[in-house]
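Novice: curious how this folds, go ahead:
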Amino acid sequence: MALDPSETVYVTLPLYHSNAMFAGWSAVLATGACMALRRRFSASRFWSDVRRYDASAFVYIGELCRYLLHQPASPDERRHSVRVATGNGLRPDIWEAFQERFRIPLVREFYGATEGNVALANFVGRPGMVGRLQAGQAVVRCDLATGDVLRGDDGWCHSVEEGETGLLLGRIHRVATFDGYVDEQASRRKIREDVFAKGDRYFDTGDLLTVHADGWLSFADRVGDTFRWKGENVSTNEVAEVLNRAPGVLESNVYGVEVPGTEGRAGMASLRCDTSFSLEALNDRVIEQLPVYQRPYFLRLQSEMRVTGTFKHQKTDYRREGFDPARTQDPLFFLDGEKYVPLDAALYRAIVSGEVSLR
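Specialist: A predicted model of the protein is given here:
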């Protein structure tokens with residue numbers, strides 16, 4: 001992040017977090033600028049803090065930007081000196097609306113992991129992109145549900161074509177190293193060997209990215225989040241972006257759940273909504289804009305969404321709880337044909353027993 005000593009970076013993440021360290025603290029150390037660090041994120045006080053410290057830049061992560069966008073309008077949100085926002089996790093469905101509402105000249109989205117050797121950065125602020133493919137990096141064909149690389153008849157991996165999604169890899173060499181984890185087995189699982197040539201080694205990011213024209217890349221999904229249904233791969237982020245545009249939907253968390261007697265996993269979405277939410281309107285959007293294999297068969301309405309410490313949606317517990325009414329007090333709905341109906345214990349038993357099928 002290019003700064004000068006007169007500027008201030010506002011960070012709402014713990015200093016030990018990689019975004020705070022890499023995009024915030026390191027930039028401050030390198031330039032002599034200032035940093036304002038809040039112990040805990042507050043959406044309601046964000047812009048007043050930005051004005052208070054006269055911040056010219058701020059660092060974001062995960063769904064932080066979405067939470068700001070859902071706050072009531074305030075005079076401070078446009079009366080500030082911010083010239084750049086830097087981070088990762090700003091989704092395409094809100095990128096331009098976020099930038100326009102809060103009068104942010106430039107958004108610099110980046111991609112990376114503390115232990116990995118792959119880094120990408122979108123310096124020009126192209127909406128929805130995490131950067132351009134660099135030397136030593138590749139997006140290869142894989143099973144999108146499992147992340148297993150697919151090899152051609154020649155035994156080598158092959159890069160995906162423009163418009164396709166694949167697994168992001170980074171070549172391991174003396175400059176782009178991979179030191180591994182304390183767990184040696186975990187380290188070995190992150191290394192792909194003999195990818196394009198005998199003896200080469202690549203770091204497996206575990207992330208699926210889509211390739212666009214001129215080598216631009218957008219984040220598609222985490223391996224393990226994408227799931228298969230009706231013989232098709234379902235990207236949770238693609239479905240979420242459609243649901244997020246429905247009236248009254250503040251955020252959606254999409255994942256696959258197991259249903260006895262079926263192959264793959266059926267789509268389910270947890271939704272956090274406001275008072276303008278209409279199940280009928282969402283129903284129409286799902287039927288009109290999503291192909292059958294992408295439609296969430298189950299909905300869960302919540303007042304609060306579970307997130308990780310980095311404001312990313314938690315999925316593991318949601319998958320485990322599934323669509324069983326006995327495991328949650330939240331309202332549940334089932335897509336019975338082309339209409340969502342309340343999901344109670346009797347309907348749950350009928351689905352599990354196969355009496356009611358998922359069409």
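
Novice: how about residue 34, nearest residue that isn't a chain neighbour?
Specialist: residue 8 (4.3 Å; CB to CB, 6 or more residues apart in numbering). C-beta here means a position set from N, CA and C on the backbone, and glycine is covered the same way.

Novice: what's the neighbour count on that neighbour?
Specialist: 18 (other CB atoms under 10 Å).

Novice: do I have it right that it meets residue 54?
Specialist: Yes. Using CB atoms under 8 Å, residue 8 is in contact with residue 54, at 5.9 Å.

Novice: how far does stretch 249-264 stretch from one end to the other?
Specialist: From its first residue to its last, stretch 249-264 covers 27 Å (CA to CA, to the nearest Å).

Novice: what comes up buried for it?
Specialist: 249-257, 259, 264 (16 or more other CB atoms under 10 Å).

Novice: show only the entries of those residues found in strands.
Specialist: Among the buried residues of stretch 249-264, DSSP state E puts 249-257 in strands.

Novice: residue 151: which of the residues you listed is nearest?
Specialist: Relative to residue 151, the closest of these is residue 256; by CB to CB it sits at 25.9 Å.

Novice: hang on, the earlier thing: can you redo the ones in strands among the buried residues of stretch 249-264 as CSV with distance to residue 232 and pLDDT?
Specialist: Output for these, formatted as CSV (distance: CB to CB, whole Å; pLDDT from 0 to 100):
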residue, distance to residue 232, pLDDT
249, 24, 96
250, 28, 95
251, 25, 95
252, 20, 97
253, 20, 97
254, 15, 97
255, 16, 97
256, 12, 96
257, 16, 96
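
Novice: how much space separates the closest residue to residue 265 other than its chain neighbours from residue 196?
Specialist: Distances taken as CB to CB, 6+ apart place residue 256 nearest to residue 265, at 3.0 Å, with adjacent residues excluded. From residue 256 over to residue 196 the distance is 32 Å, taken as CB to CB, to the nearest Å.

Novice: same deal with residue 165?
Specialist: For residue 165, the distance to residue 196 (CB to CB) stands at 19 Å.

Novice: same check, this time on residue 220
Specialist: Counting by CB to CB, the gap from residue 220 to residue 196 is 22 Å.

Novice: which of those two has more neighbours?
Specialist: Legend: neighbour count by other CB under 10 Å for residue 220 and residue 196, higher for residue 220 (22 against 14).

Novice: to which secondary structure element is the more buried one assigned?
Specialist: strand 216-222 (DSSP states H and E).

Novice: likewise residue 349?
Specialist: helix 345-353.

Novice: go on, residue 97?
Specialist: Counting by DSSP H and E, residue 97 is found in helix 92-101.

Novice: how much does that helix deviate in direction from strand 249-257?
Specialist: Interaxial angle of helix 92-101 relative to strand 249-257 (axes from the mean of the first three to the mean of the last three CA atoms, to 10 degrees): 160 degrees.

Novice: which parts of the stretch 201-350 of the chain are helices?
Specialist: Ranges of helices within the stretch 201-350 of the chain are 236-244, 279-289, 316-321, 345-353, based on DSSP state H, counting those that start in this stretch.

Novice: need these in a markdown table (columns: mean pLDDT and mean neighbour count).
Specialist: As requested, those are exported to a markdown table (pLDDT from 0 to 100; neighbours: other CB atoms under 10 Å):
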| stretch | mean pLDDT | mean neighbour count |
| --- | --- | --- |
| helix 236-244 | 95 | 20 |
| helix 279-289 | 97 | 16 |
| helix 316-321 | 94 | 14 |
| helix 345-353 | 97 | 15 |
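
Novice: TSV for these, including distance to residue 43?
Specialist: Formatted as TSV, these follow (distance: least, CB to CB, whole Å):
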stretch	distance to residue 43
helix 236-244	17
helix 279-289	24
helix 316-321	22
helix 345-353	35
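
Novice: re the thing from before, can you tell me how far the residue nearest to residue 34 sits from residue 33?
Specialist: 7 Å.

Novice: check residue 250 too.
Specialist: Per CB to CB, residue 250 is found 34 Å from residue 33.

Novice: before we move on, what about residue 204?
Specialist: From residue 204 to residue 33 the distance is 36 Å (CB to CB).

Novice: got it, and residue 303?
Specialist: Counting by CB to CB, the gap from residue 303 to residue 33 is 39 Å.

Novice: okay, those two: which has more neighbours?
Specialist: residue 33 (20 against 7).

Novice: now do the more buried one against residue 119, distance only.
Specialist: According to CB to CB, residue 33 and residue 119 sit 22 Å apart.

Novice: kindly report the same for residue 194.
Specialist: 24 Å.

Novice: so what's the residue nearest the centre of the chain closest to, chain neighbours aside?
Specialist: Geometric centre of the chain, nearest residue: residue 89, 5.7 Å, by CA atoms, centre = their mean. Spatial nearest neighbour of residue 89, chain neighbours left out: residue 62 (4.2 Å); criterion: CB to CB, 6+ apart.

Novice: that neighbour and residue 309 touch, don't they?
Specialist: No. Between residue 62 and residue 309 there is no contact under CB under 8 Å: 9.3 Å.

Novice: which of the two has more neighbours?
Specialist: Set residue 62 next to residue 309 and count neighbours by other CB under 10 Å: residue 62 wins out with 21 against 11.

Novice: for the residue nearest to residue 265, give its distance to residue 297.
Specialist: When residue 256 is compared with residue 297 (using CB to CB), they lie 10 Å apart.

Novice: got the contact list for residue 269?
Specialist: 239-240, 243, 252-255, 296, 298-300 (CB atoms under 8 Å, 6 or more residues apart in numbering).

Novice: nearest to residue 356, of these?
Specialist: Looking across the contacts of residue 269 and measuring by CB to CB, the closest to residue 356 is residue 298, at 12.3 Å.
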